[in-house]
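Asker: Output the structure for:
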Amino acid sequence: MQFRLQRSPDGGHTIATDAAGNQLEMYLPENAGGAATGIRPMQVLIMGMAGCAAVDILVILKKQRQQVEDLLMDIQAEREPDKEPSLWQTVHVVFTVIGQVEQAKAEKAVELSMLKYCSVTETLRKAGAEVTWEVLTQPAG
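Answerer: Residues are numbered from 1 along each chain as shown. Predicted coordinates:
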């Protein structure tokens, strides 16, 4: 994989671009000439975990012929206090699967993603983060 990161023309943030031209804007603090607004790189890591898990879960549930209308993830994450670098210490995800989905199948799909398939989750875990979750299902509508 190849990426390029550069400062935005206005100097307020950075822009990461992949080989296909897709872009992601990230926070640049005031002491680096930025506007101190936007998504921070450490937040991108947690968001990446959520995106990685979403792919796994949706593929697994589709294979199980579950009718998913929506997938929500509410994430609470805490970093190590008073440390440099300050790593993610705890990550808790509440998965809400909306549609005609059996609770047991939703739980199994999440478990497979979080313990077997999602590389970002495993990266966080290997860095020392405690990653926990719960799974809720709701009918559509």
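Asker: Can you list phi and psi of residue 121 for me?
Answerer: phi -60, psi -40 (degrees, to the nearest 10).
Asker: And for the one 3 residues further on?
Answerer: For residue 124, the backbone dihedrals are phi -60, psi -40 (criterion: degrees, to the nearest 10).
Asker: That one touches residue 88, doesn't it?
Answerer: Yes. The pair residue 124 / residue 88 is scored as a contact, 5.8 Å apart, by Cβ atoms under 8 Å. Glycine gets a C-beta too; all of them are placed from N, C-alpha and C.
Asker: can you give me the helices for this protein?
Answerer: 41-63, 103-112, 119-126 (DSSP state H).
Asker: Return every residue with contacts to both of residue 124 and residue 88.
Answerer: In terms of Cβ atoms under 8 Å, 6 or more residues apart in numbering, residue 124 and residue 88 are both contacted by the residues residue 45.
Asker: Turn the helices of the chain into TSV, columns for distance to residue 73, mean pLDDT and mean neighbour count.
Answerer: Listed next are the helices of the chain as TSV, based on distance: least, Cβ to Cβ, whole Å; pLDDT from 0 to 100; neighbours: other Cβ atoms under 10 Å:
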stretch	distance to residue 73	mean pLDDT	mean neighbour count
helix 41-63	5	97	17
helix 103-112	10	98	18
helix 119-126	12	98	16
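Asker: Need the ones you listed in a markdown table (columns: distance to residue 82).
Answerer: Shown next, in a markdown table, are the helices of the chain (distance: least, Cβ to Cβ, whole Å):
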| stretch | distance to residue 82 |
| --- | --- |
| helix 41-63 | 16 |
| helix 103-112 | 33 |
| helix 119-126 | 20 |
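Asker: I'd like to know which of those is closest to residue 15.
Answerer: The closest of these to residue 15 is helix 41-63. By Cβ to Cβ, the value is 12.5 Å.
Asker: Thank you, goodbye.
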